[in-house]
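A.B. asks: turn this into a model:
(one chain, ligands or ions: 1)
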Amino acid sequence: MLEVRDLSLRYGQSEVLHGVDLDAVAGSVTAVMGMNGVGKTSLMKAIAGRHPFTGGRIVLEGRDLGHPTAARAARAGIAYVPQGREIFPRLTVTENIESGFACLPRGGRRVPDRIYDLFPVLAEMRHRRGGDLSGGQQQQLAIARALVTRPKVLLLDEPTEGIQPSIIKDIGRVIATLRAEGEMAIVLVEQFFDFAVAAADRFVALKSGEVVLREEAEGVDRARLLAEISL
Ligand SMILES: Nc1ncnc2c1ncn2[C@@H]1O[C@H](COP(=O)(O)OP(=O)(O)OP(=O)(O)O)[C@@H](O)[C@H]1O
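C.D. replies: Next up is the predicted model:
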């Protein structure tokens, strides 16, 4: 589904990703792990067209996307839920969800009922402002906004960061549901080790902008994975 090949990315003179390969497959969760500053968010931003990359390729369903803008990546089927959520605080919950429509043709601009089935709290809070929601509710809102685009690839950047345990469980259930439906490839950037281990089908560990480990979840050596992402 998604193939990232030999990706490099710079901020000014400083290269922070060096030849990263990443695969994500429909109906499975690929966890990207690593310490602060190893380049996880930069990788997500490159895939989502939020930051230009300097070398490599991003291929979706066999089609090289070139160097997409954020709008083109979204139209191609890549949805990005950013770290920090980027909710519009003054817009209502519904308006925030509808802001995801920008990349859809006019005929497709409808919030599917299933969004509210996945996130019942958003139905209850439809008319509240985004800024009035708790951090966890905002995270659910950010995921809902991404899902209205009916993506092929869902990029989740640290969805558990700063969120209360009950909502972390809800988010884990939503990820498991989407995975089981088998239609989208999910890439999960996550520093909460147990959450990532429970959710993922495969792990990619980054260190200093390079992949240092690539393992299927089945039979993964947890101690080795933890060591790779902690040093
Ligand atoms: N806009 C920017 N300009 C310059 N350097 C940046 C910029 N954004 C990130 N960096 C640097 O690039 C490196 C990788 O950052 P990135 O945010 O991708 O890492 P990360 O693994 O996602 O970290 P975290 O877990 O803290 O979010 C870091 O050294 C960071 O300081």
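
A.B. asks: ok, Ala205 - how many residues close by?
C.D. replies: Per other Cβ atoms under 10 Å, the neighbour tally for Ala205 reads 24. In short, each C-beta sits where N, CA and C put it, glycine included.

A.B. asks: for the lengthiest helix in the chain, packing partners?
C.D. replies: Longest helix in the chain, counting residues (DSSP state H): helix 165-181. In terms of contacts (3 or more Cβ pairs under 8 Å, 6 or more residues apart in numbering; DSSP states H and E), helix 165-181 is packed against helix 135-147, strand 185-189, helix 193-199.

A.B. asks: could the ones you listed go into JSON lines alongside mean neighbour count and mean pLDDT?
C.D. replies: Below are the helices and strands packed on helix 165-181 laid out as JSON lines (neighbours: other Cβ atoms under 10 Å; pLDDT from 0 to 100):
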{"stretch": "helix 135-147", "mean neighbour count": "23", "mean pLDDT": "96"}
{"stretch": "strand 185-189", "mean neighbour count": "25", "mean pLDDT": "98"}
{"stretch": "helix 193-199", "mean neighbour count": "17", "mean pLDDT": "93"}
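
A.B. asks: so which of the ones you listed is nearest Lys207?
C.D. replies: Ranking the helices and strands packed on helix 165-181 by their distance to Lys207 (criterion: Cβ to Cβ) puts strand 185-189 first, at 14.4 Å.

A.B. asks: between the closest one and helix 165-181, how many degrees?
C.D. replies: Using axes from the mean of the first three to the mean of the last three Cα atoms, to 10 degrees, the direction of strand 185-189 lies 150 degrees away from that of helix 165-181.

A.B. asks: returning to that earlier point: just the C-alphas of the longest helix of the chain, formatted as CSV.
C.D. replies: Output in CSV follows, covering the C-alpha atoms of helix 165-181 (Å, rounded to 0.1, in the frame of the first residue of the first chain):
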residue,chain,number,x,y,z
PRO,A,165,-6.0,6.5,30.5
SER,A,166,-9.7,6.0,29.8
ILE,A,167,-9.4,7.9,26.5
ILE,A,168,-6.2,6.1,25.6
LYS,A,169,-8.2,2.9,25.8
ASP,A,170,-10.9,4.3,23.6
ILE,A,171,-8.3,5.4,21.0
GLY,A,172,-6.7,1.9,21.2
ARG,A,173,-10.2,0.4,20.5
VAL,A,174,-10.7,2.7,17.5
ILE,A,175,-7.3,1.8,16.0
ALA,A,176,-8.1,-1.9,16.5
THR,A,177,-11.5,-1.4,14.8
LEU,A,178,-10.0,0.4,11.8
ARG,A,179,-7.3,-2.3,11.5
ALA,A,180,-9.8,-5.1,11.6
GLU,A,181,-11.8,-3.5,8.8
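
A.B. asks: got the angle between it and helix 135-147?
C.D. replies: Direction vectors for helix 165-181 and helix 135-147, defined by the same axes, to 10 degrees, enclose an angle of 20 degrees.
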